[in-house]
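In: Predicted structure and sequence below. I'll ask about it afterward.
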Amino acid sequence: MSKYYVGKVDESQFAEPPAYAGHSEGYSRLPLVDHAISPASVHMGAGLVEIASGGYHAPVIHAYEKGFYIFIGEVILNFHGRAHRLGSGHYGVINKAVEYTFYNPGDVPVRMFDMNAPQPKAPDHVFQDTIFQPGEVVKDAAVPNLDDPRVKYLGQFSEAQLTGSGTISGVGVRSNSIAGINIQEFIDTMLGAHHLALFLVQFAPGGAGTTHDHPLEEIYYFLSGQARATLDGEQFIVGAGEFVWAGVGCFHQFECVGDEPVRWIETQAPLPADFETFRFRREWDPLAG
């Protein structure tokens, strides 16, 4: 069974999730990677969510953790007893068994990336991991002050956060085996996640990561630019609107091609270990003689 998957977004595949029937309006999702699309994946379910103007879903809890990143539009998220108006660049984590609602108060559809771990079950599975609750949908709220220590599990990305690119330095790795990179961490243990990580990666022209693997699964959803992806020795050119899944043990590398940076949203599950999460072949192959 293959340890990788390369796909392209098909806008016609947006649909109301089966478990949401009768509990939502104008809420649709396009799965990218899960047990059906990439059968080798056992840890994650990732996709794109669209909420029409005035769209919502009823209060719900999950038996999995949800991370999200908003690309466009505004949404009212009500969770942990507080409601927040979120927009482009906002991200957050919703832990297992935390009741929440989403509502679109704006005039344009909301589009967001979502990532769920442990992997949600199939709709016909005997275990029900999406359970709707009685209650109202909150339809108005203020933009959160992220400097307020009472505001938890949320953040926001801005272009000003992207500074110069260099070698990788993050949880689980500090290495010269990846260069020309800029990483902006969004969802991790510091934000309150237990099962997943989500962050933005940008490679400058000529930037590249050498061949490596991990003891975890990863998804890369491409936003702009182009990259040459090498997955267990097979090469692909990928760009905006495409995505790559790399499973446990898949040797992979990415190289920015062209004159503009390549940028993607990346997710991981399970959460990476805080030590030696990467195995770079350029570091290990010389030891084998």
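Out: It's in. Numbering: from 1, shown residues only.

In: Pull the contacting residues for I72.
Out: By C-beta atoms under 8 Å, 6 or more residues apart in numbering, the contact set of I72 is 88, 108-111. C-beta: built from backbone N, CA, C; applies to glycine.

In: Take those residues and keep only those in strands.
Out: Mapping those onto strands (DSSP state E) picks out 110-111.

In: Pick out the most distant pair among the contacts of I72.
Out: Taking C-beta to C-beta as the measure, the contacts of I72 span a maximum distance of 12.6 Å, between S88 and P109.

In: Spit out the residues that contact these two alike.
Out: Residues touching both S88 and P109 by C-beta under 8 Å, 6+ apart: 72-73.

In: quick revisit: of the contacts of I72, closest to S38?
Out: Using C-beta to C-beta, the contacts of I72 come closest to S38 at R111, 21.9 Å.

In: surely the closest one meets F71?
Out: Yes - between R111 and F71 there is a contact at 4.7 Å, judged by C-beta atoms under 8 Å.

In: could you pull out the strands for the stretch 1-150 of the chain?
Out: 4-8, 24-33, 45-62, 65-72, 75-79, 82-86, 90-94, 100-103, 110-117, 130-132 (DSSP state E, counting those that start in this stretch).

In: Tell me which of these lies nearest to L196.
Out: Of all the strands of the stretch 1-150 of the chain, it is strand 110-117 that lies closest to L196, at 4.3 Å by C-beta to C-beta.

In: how much does the helix or strand harbouring A179 deviate in direction from strand 110-117?
Out: Following DSSP states H and E, one finds A179 within strand 178-187. In terms of direction (axes from the mean of the first three to the mean of the last three C-alpha atoms, to 10 degrees), strand 178-187 departs from strand 110-117 by 90 degrees.

In: mind checking how far the next helix or strand after strand 178-187 is from the chain centre?
Out: Heading C-terminal from strand 178-187, the first helix or strand you meet, by DSSP H and E, is strand 197-213. On the basis of C-alpha atoms, centre = their mean, to the nearest Å, strand 197-213 sits 15 Å off its chain's mean C-alpha point.

In: Name the strands paired with strand 197-213 and say parallel or antiparallel.
Out: Partners of strand 197-213 in the sheet, by DSSP bridges, are strand 178-187 (antiparallel), strand 252-257 (antiparallel), strand 262-269 (antiparallel), strand 279-280 (antiparallel).

In: Deepest in the core, which of those strands is it.
Out: strand 262-269 (a mean of 23; mean count of other C-beta atoms under 10 Å).

In: thinking again about what came up before, let's see the strand holding A179 as CSV, backbone CA atoms only.
Out: Once non-C-alpha atoms are left out, strand 178-187 reads as follows in CSV (Å, rounded to 0.1, in the frame of the first residue of the first chain):
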residue,chain,number,x,y,z
ILE,A,178,16.4,22.1,5.2
ALA,A,179,17.3,25.7,4.0
GLY,A,180,15.4,28.7,2.7
ILE,A,181,12.5,28.0,4.9
ASN,A,182,10.1,30.1,7.0
ILE,A,183,7.7,28.4,9.4
GLN,A,184,4.9,30.0,11.4
GLU,A,185,3.5,27.7,14.1
PHE,A,186,-0.3,28.0,14.5
ILE,A,187,-1.6,25.0,16.4
